Structures are given as structure tokens and as C-alpha cells.
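J.: No sequence on hand, only this structure:
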Ligand code: C2O
């Protein structure tokens, strides 16, 4: 289409020459894929409760953004809901283009009711499964959908071509208004109510009341292979996913190809995606797919199980499906061994370019705590911090403040290390060790290589935390239980084929080390992808400076960037 158009411009000699040069240097000109996202409220009924929810185009989950590597994507978002809105394209690198990244008050001000903003971005050097979601308060509970990036034409998958593919989005459902639940929680200073159900493609499945109609089913043909694009869009739960009678072969995580391995269950943290191949080689029947939390922290366990159905062709709906065996909710051993199997494909075509030399060493402790709160029910509120700093959201977008050099919005003194070392994962500590509030960011030199060790602590309690970095993928070079040992642990790092991703779990009472090359200038949010912890302040941002070259600085902001 784009090629045909540009051909029609080839009229005069000049144009002919220009076009020939153009065709030689851009054999397949990027297509522009346009989407209209209308943010609207719609009545949706689950678990015998009907309630108005915020949606995109009245759909729940929202529409899949289906593009090809190399495409330019323009999503026009118009907000017809009473809430402020912003949309994040989770895992898209947005090279030099933080304006299209989406986190409210970090890279843009929200799109107000009655207003529009067009997210305009290129999909460069990425292919696979990602997803999009609202990035303001808890609205992503219902405002989310898949992003499928197909490889460039003529580039096959590095695994057997599946017969068909399906998107499997795991989520959480609350019977009450999620924004109200969150407000209630922060008034009380306590965690808000846990969700009432888990969902698969927006549906809880037959283990929940009134869910006969609300069960997702996928038909398969005996002998064929299917690609499942699994996304964890849940707000607060890491999940196990399994299919009765069928193993899965993991081939990709967070839109990066992996070495293949076969597993009975997948472990997936909020924010992560996992592509698996499933072979329909069992006796024709109806099999449950199921998702249930993994929670190995010493907290109450939520074992509500969402189900969907893998249905062989010709089997009637009256057949009762078989349930899969999921790992126990506190099966830490399974989780550790599953994560240890994840490796980058690291082929000549898809190399793992792990930074071998580190310019900047960062060590961030993750802490929960209790702060005084005179207006809260118990006089205290739960809080969370990185290196003892609880992040305070600014009133205007940080990227704007950085780009236009507006003073007084943030400070660039986020510490590279915790203020004082302690036995991070020893006995529980209830004191919050002098946590301070602030909009404090860390400045990173363009193109420098960064190693960040995220260390869980036993401040209040140990817990696992899926950390997400915007604007980048990173390599997960090491992880362990207990305290990170800077003398011994780096010797055990995998610098050859570590998994490359955008969201990684820091294990309960343990640490995770990541590396990335700061080649994308901008202001990039980093936060725990458990919404509960994000709202308690478990977040910060990196300011990656411009380089000196022509393509090494932040692009100018688009004209329709929402004002504050
Ligand atoms: Cu998927 Cu900042 O989030």
C-alpha cells in the first residue's frame, strides 16, 4: 500500500531517481497502522455482579494491537470516561520517544475527559508479544489488551510454525469499583480488598458463580500445534498457568526469543508475557487451562483459580473438562527452577548483547514500612520504598520538566546505594529506617552500561516484587536468595545467554541483578508491577541524558501532548 503510493509519485526524472534511491535503501517501506481507542464506560457482568467499567471501545479485554516489526503505529486515544487516562505500551522501547510511553506524570500529563492524544511510535527491532494498559492509578484493572508484533515479512519464527495462535490474557476482577477500592484502602492505610476472581481473557471460568457464559474456550484440532501468547495483566498477583494433560514449550518471554524448554506450568509475573507452543496430541476431550497465584510470602494466600477450556474439535460442550495440576501456591522450589530455565535464544540472528563491562553499579533495597497517618483508621499507613525513598508523584510530566529544563519538579540525587547497609533479609524489622519522601531520580550517562541489583528486605516482611523498567529491555544476569554478596555472586553471573526482558521478579527474601546499556535518552519509569506496591511508592525513574550524535537526543514533543 505504502509502496504503491510512493510509486505513483515517481513521475518526473527527479522523482524517479529519488524513488529508486528510496526503494534501494528502504526495500519495504514502513506501514502506518492506525487505531482508534475510545475510552468509554460500559456495563459488564461477572460473578453475578453487573457494574460499569472503564474500557477501550466497550471491549473487555480491549482490542489487540496487531503490527509488524518496522511499522509505525498511531493510536488515537479519546477519553469519554470521567477519569483521567493515559495508556502505556508495555515493553515497547520508544526509542528517543518517551512522549509515547504513557505513564501519567512521568512522560505525559493525563488525557482529561473529552480530550484526545495520539500515541505515535515506531516498532523497531522488536517482535513478539507485549501488551498495553492504562497507566494511571488502578485503571489498568479493566483497561488492557495485547500487542502482537509479527516478524518482518519473510522472517520465520525460530520455532515450528504453529497452525494457529491465541492470546491468553490473565487478569483480576473486582465486584466493586476498583478506583473506589483503592481510595478506601489509602483512607484506611491498609491494602485494599483482594480481587474477587482471576480471569482468562476477561472471564473467570466455571469455578466461579454465574460463569457458564463467562468461560473462554479455544478449539483445537488433533495433531496440530498452537502458539499461546500469555500475558499477565493482573494487578497484584504472580500466576501459575497450566493446561490439563498438555505440556507447554516456552519459546519467548517479553518479546524476546528464548531457548526452548518444556514445562507443565508457566510462572508469570504482572507485566510479563510468555509465548508457548502447545501440541494437541492428547485424546480428544475438553481440558481446563487454569491460572492461580504464586505467593510464597508469609501473607494470606489467595488461591482463586481462573479457568478456560481447550476443546478438541467435535467434543460436545456437555463433557466436563479435566483440571490441570498447578504447583502449590507457595511452591518456591518450582518458581526458582522455572526461572532458572529461562535463557535467551542467543543465536547468530538473535544475539544476546550482554554488557560485559559495567560503568555504573547500582544497588537498590526494596522495603515495606509503616508511616504515621493521622487521618488513617489506625493512625498509620503502609508504605514502600527503594533505598529508603518513597517516591512522590509530581504534578507535571517529568519528561517535560527534563526536556524544557523546568526547575523544582524533581531532584537528580537518588542514591546509588542504601543509606546504611544492614542484614537485609535477616530478622523482620518493623522500623522503616528513616524512610523519606521525594521525587528523586537517578541520572545516567548516555550509552553507559548499568548494573542494578534489586535487593528484597525483611522490612516488615519479605515479598516478591516484579520490577519493570520502561524504555529498555535488560539482561537478568543473576538472582539468589538472601543477601547479595558483591564479592562472590558476580562470579556466578550468566553473561552468555541470560534472559532478556522488561519485567523481572525479585524473589521473596532475595535479589536479582540486571544489566542494560543506556542507549535510549529520556525519563524512564521503573517500578514494582504490583499495583499495590506502586501506589505505596515503590517506584523511581532514570533520567538518561542525551548523547552528542544526531540521533542520540530526545525527539521534540508532539503538538497534541496533553497539557497539565
Ligand atoms: Cu506495565 Cu509502568 O507498566
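T.: That came in fine, so what should we check first? If you're wondering where the values come from, they're calculated on a predicted model, not measured in any experiment.

J.: Relative to the ligand, which residue of the stretch 251-400 of the chain is the closest?
T.: residue 271 (4.7 Å; Cβ to the nearest ligand atom). All C-beta spots, glycine's among them, are computed from the backbone N, C-alpha and C.

J.: which ones are touching that residue?
T.: Going by Cβ atoms under 8 Å, 6 or more residues apart in numbering, residue 271 touches 90, 232, 466, 468, 502-503, 529.

J.: again, but for residue 186
T.: Shown in contact with residue 186 (Cβ under 8 Å, 6+ apart): 381, 535.

J.: any idea how far residue 139 is from the residue of the stretch 251-400 of the chain closest to the ligand?
T.: Remark: distance between residue 271 and residue 139 (Cβ to Cβ, to the nearest Å) = 16 Å.

J.: again, but for residue 519
T.: From residue 519 to residue 139 the distance is 31 Å (Cβ to Cβ).

J.: what about these two, which has more around it?
T.: Taking neighbours as other Cβ atoms under 10 Å, residue 519 and residue 139 compare with residue 139 leading, 25 against 17.

J.: quick one: residue 287 is in a strand?
T.: Yes. Counting by DSSP: H, G, I helix; E, B strand; the rest coil, residue 287 is part of a strand.

J.: what about whichever residue of the chain sits closest to the ligand, neighbour count?
T.: Closest to the ligand within the chain is residue 90: 3.7 Å, counting by Cβ to the nearest ligand atom. Neighbourhood size, residue 90 [other Cβ under 10 Å]: 28.

J.: For it, which non-adjacent residue is closest in space?
T.: Once flanking residues are discounted, residue 90 sits nearest to residue 131: 5.3 Å by Cβ to Cβ, 6 or more residues apart in numbering.

J.: Was I right to think the one you found contacts residue 230?
T.: No. Taking contacts as Cβ atoms under 8 Å, residue 131 lies outside contact range of residue 230: 10.4 Å.

J.: Find residues that contact each of those two.
T.: 169, 273.

J.: okay, these two: which has more neighbours?
T.: Neighbours per residue (other Cβ under 10 Å) separate residue 131 from residue 230, with residue 131 holding more: 29 against 26.

J.: Tell me if that one really is in a strand.
T.: Yes. Residue 131 sits within a strand when classified using three-state DSSP.

J.: just to revisit the earlier point, show me the residues around the residue nearest to residue 90 that make contact.
T.: Residues in contact with residue 131 (Cβ under 8 Å, 6+ apart) are 90-91, 144-147, 169, 231, 233, 273.

J.: Could you do residue 405 as well?
T.: Contacts of residue 405 (Cβ under 8 Å, 6+ apart): none.

J.: Those residues of the stretch 351-500 of the chain touching the ligand, which are they?
T.: Residues of the stretch 351-500 of the chain lying close to the ligand (Cβ under 6 Å from any ligand atom) are 468, 470.

J.: ugh, wrong one, I meant the chain
T.: Residues of the chain found near the ligand (Cβ under 6 Å from any ligand atom) are 88, 90, 103, 133, 135, 271, 468, 470, 525, 527, 529.

J.: and if we set it to 5 Å?
T.: 90, 271 (Cβ under 5 Å from any ligand atom).

J.: for the chain, longest strand please?
T.: strand 32-46 (DSSP state E).

J.: Name the residues of it that are buried.
T.: 35, 37-42, 44, 46 (16 or more other Cβ atoms under 10 Å).

J.: likewise stretch 276-291?
T.: So for stretch 276-291, counting by 16+ other Cβ under 10 Å, buried means 276-280, 282, 286-291.

J.: First-to-last residue distance for it?
T.: One end of stretch 276-291 to the other measures 15 Å (Cα to Cα, to the nearest Å).

J.: ok, now stretch 203-213?
T.: For stretch 203-213, the end-to-end distance is 9 Å (Cα to Cα).

J.: which outside residues touch that stretch?
T.: By Cβ under 8 Å, 6+ apart, stretch 203-213 touches 45-48, 173, 197-199, 214-216, 288, 290, 304-308.

J.: Report the buried residues of it.
T.: 203-208, 211.

J.: Mind putting those into JSON lines with distance to residue 476, pLDDT and secondary structure?
T.: Below are the buried residues of stretch 203-213 laid out as JSON lines (distance: Cβ to Cβ, whole Å; pLDDT from 0 to 100; DSSP: H, G, I helix; E, B strand; the rest coil):
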{"residue": "203", "distance to residue 476": "32", "pLDDT": "97", "secondary structure": "strand"}
{"residue": "204", "distance to residue 476": "32", "pLDDT": "97", "secondary structure": "coil"}
{"residue": "205", "distance to residue 476": "32", "pLDDT": "96", "secondary structure": "coil"}
{"residue": "206", "distance to residue 476": "36", "pLDDT": "94", "secondary structure": "coil"}
{"residue": "207", "distance to residue 476": "34", "pLDDT": "94", "secondary structure": "coil"}
{"residue": "208", "distance to residue 476": "35", "pLDDT": "95", "secondary structure": "coil"}
{"residue": "211", "distance to residue 476": "36", "pLDDT": "90", "secondary structure": "coil"}
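
J.: Where does pLDDT dip in the protein?
T.: In the predicted model of the chain, residues 1-29, 300, 431-433 satisfy pLDDT under 70.

J.: Now the residue nearest to the spatial centre of it. Its backbone dihedrals?
T.: Note on the chain: the residue nearest the mean C-alpha position is residue 271, at 2.5 Å, using Cα atoms, centre = their mean. Here is the backbone geometry of residue 271 (degrees, to the nearest 10): phi 100, psi -30.

J.: now residue 337
T.: phi -70, psi -30.

J.: Same check on residue 99?
T.: Dihedral angles (degrees, to the nearest 10) for residue 99: phi -60, psi -20.

J.: Please apply the same query to residue 87.
T.: With angles defined as degrees, to the nearest 10, residue 87 sits at phi -120, psi 130.

J.: Give me the nearest residue to it, chain neighbours excluded.
T.: Using Cβ to Cβ, 6+ apart, the closest residue to residue 87 is residue 102 (5.1 Å).

J.: What is the burial count for that neighbour?
T.: 29.

J.: residue contacts, residue 536?
T.: 368, 382-384, 390.

J.: So which of these are in strands?
T.: 368, 382-384, 390.

J.: Now distance to residue 159 and neighbour count too, for those residues, in a markdown table please.
T.: Output for the ones in strands among the contacts of residue 536, formatted as a markdown table (distance: Cβ to Cβ, whole Å; neighbours: other Cβ atoms under 10 Å):
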| residue | distance to residue 159 | neighbour count |
| --- | --- | --- |
| 368 | 40 | 22 |
| 382 | 44 | 23 |
| 383 | 44 | 21 |
| 384 | 39 | 27 |
| 390 | 43 | 22 |
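
J.: from the contacts of stretch 203-213, which would you call buried?
T.: The buried subset of these (16+ other Cβ under 10 Å) comprises 46-47, 173, 197-199, 214-216, 288, 290, 304-308.

J.: now residue 449: how far from residue 30?
T.: For residue 449, the distance to residue 30 - Cβ to Cβ - is 30 Å.

J.: Next up, the contacts around residue 329.
T.: By Cβ under 8 Å, 6+ apart, the contact set of residue 329 is 292-296, 301-303.

J.: so where does it fall, helix or strand?
T.: Under the criterion DSSP states H and E, no helix or strand holds residue 329.

J.: Perfect, I'm done here.
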